[in-house]
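Participant: Build the 3D model from these lines:
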Amino acid sequence: MIFETHAHYDDDRFAEDRDEILKSLPEAGIGIVINSGASVESTRDTVELAKKYEHVYAAVGVHPSEIDELDEVFFDWMREQASWEKTVAIGEIGLDYYWDKEPEVQERQRYWFGRQIELARETGLPIIVHSRDAAADTMQVMKEHHAEEIPGVIHCYSYSKEMALEFIKMGYYIGVGGVVTFKNAKKLIETVEAIPLTRILLETDCPYMAPEPYRGKRNSSLYLPYVVERIAEIKGVSIEEVERVTENNARTLFSKVK
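Facilitator: Residues are numbered from 1 along each chain as shown. So this is what the prediction gives:
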């Protein structure tokens, strides 16, 4: 069975066929889906999706590019949701300097990243980390908050194999999605070669980052077999082995999933 560790089915691009796709996933071999919050609104919608579908679980958190919406009232709401049986992580949280270049904005990102790491510590949940063009600061904030004491995953990994090994030393998993199928994905392919299969999680980040041959189109968990196949090729193991090990990895990290 394939365990999808990062999706955004609350996105408007699924407005017309969301129910159809989500209901079809178990028969297609996608047994579990973690839908990840990003904005305040999407996090609320994520919880509602997890209430509606048995195989969908929720991660609650605010993406670094959405922190202007985040306040103490919503932070308290996330704390309350963390105790619900189907809330399995705090995420996605982190830093994104690709869009936000201003020092004061980046400082606010670091502040709320740290606060949400501490929320995970308080509630006993793992974290789902988004990091884009911010490798050094991501590592710094995580070390400042002793994130090695909190389990988690570096979602949609895009840095070097050396940095991946540093995150793994801290106890983290590496999220691998459709990009690994791209011909120009040299860094990610090198990372997958270098790290143990026991530290890889499968994800789509759908509706974004569709694998070949669907690159540029709307992504969904139904395309995860392409990711599995490519990882199996890179690691020199069977497709069944990739599915088995990555499912075990996901169940270990997201231990509230039944």
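Participant: Cross-check G94 against the secondary structure; I expect a strand.
Facilitator: Yes. According to DSSP: H, G, I helix; E, B strand; the rest coil, G94 belongs to a strand.
Participant: A helix includes S42, no?
Facilitator: Yes. Counting by three-state DSSP, S42 is part of a helix.
Participant: residues touching the residue nearest to T43 when sequence neighbours are not counted, list them.
Facilitator: Excluding its sequence neighbours, the residue lying closest to T43 (CB to CB, 6 or more residues apart in numbering) is G37, at 3.0 Å. (Each C-beta comes from the backbone N, C-alpha and C, glycine too.) Contacts of G37 were listed using CB atoms under 8 Å, 6 or more residues apart in numbering, and they are T43, R44, T46, A58, A59, V60, G61, V62, H63, G91, E92.
Participant: how close does the fifth one get to K161?
Facilitator: When you say that, I think you mean A59. Using CB to CB, to the nearest Å, A59 is found at 26 Å from K161.
Participant: More neighbours: which of these two?
Facilitator: The neighbour count for A59 versus K161, taken as other CB atoms under 10 Å, is higher for A59 (29 against 18).
Participant: Could you pull out the strands in the chain for me?
Facilitator: According to DSSP state E, the chain carries its strands in the segments 2-7, 30-36, 56-60, 87-96, 127-132, 152-155, 173-176, 200-202.
Participant: Tell me the helices and strands packed up against the fifth one.
Facilitator: Okay, so that is strand 127-132. Strand 127-132 is packed against strand 87-96, helix 103-123, helix 135-144, strand 152-155, with contacts defined by 3 or more CB pairs under 8 Å, 6 or more residues apart in numbering; DSSP states H and E.
Participant: my read: E243 touches V228, true?
Facilitator: Yes. Between E243 and V228 there is a contact under CB atoms under 8 Å: 6.0 Å.
Participant: one step back: could you dump the strands of the chain to CSV with distance to K217 and mean pLDDT?
Facilitator: Output for those, formatted as CSV (distance: least, CB to CB, whole Å; pLDDT from 0 to 100):
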stretch, distance to K217, mean pLDDT
strand 2-7, 16, 98
strand 30-36, 18, 98
strand 56-60, 22, 98
strand 87-96, 22, 98
strand 127-132, 22, 98
strand 152-155, 21, 98
strand 173-176, 19, 98
strand 200-202, 19, 99
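Participant: got JSON lines for those strands, with distance to Q116 too?
Facilitator: Listed next are the strands of the chain as JSON lines, based on distance: least, CB to CB, whole Å:
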{"stretch": "strand 2-7", "distance to Q116": "16"}
{"stretch": "strand 30-36", "distance to Q116": "13"}
{"stretch": "strand 56-60", "distance to Q116": "9"}
{"stretch": "strand 87-96", "distance to Q116": "4"}
{"stretch": "strand 127-132", "distance to Q116": "7"}
{"stretch": "strand 152-155", "distance to Q116": "11"}
{"stretch": "strand 173-176", "distance to Q116": "17"}
{"stretch": "strand 200-202", "distance to Q116": "19"}
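Participant: quick one on the thing from earlier: TSV please, covering the helices and strands packed on strand 127-132 and showing distance to A28 and mean neighbour count.
Facilitator: Output for the helices and strands packed on strand 127-132, formatted as TSV (distance: least, CB to CB, whole Å; neighbours: other CB atoms under 10 Å):
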stretch	distance to A28	mean neighbour count
strand 87-96	21	27
helix 103-123	31	17
helix 135-144	34	17
strand 152-155	22	27
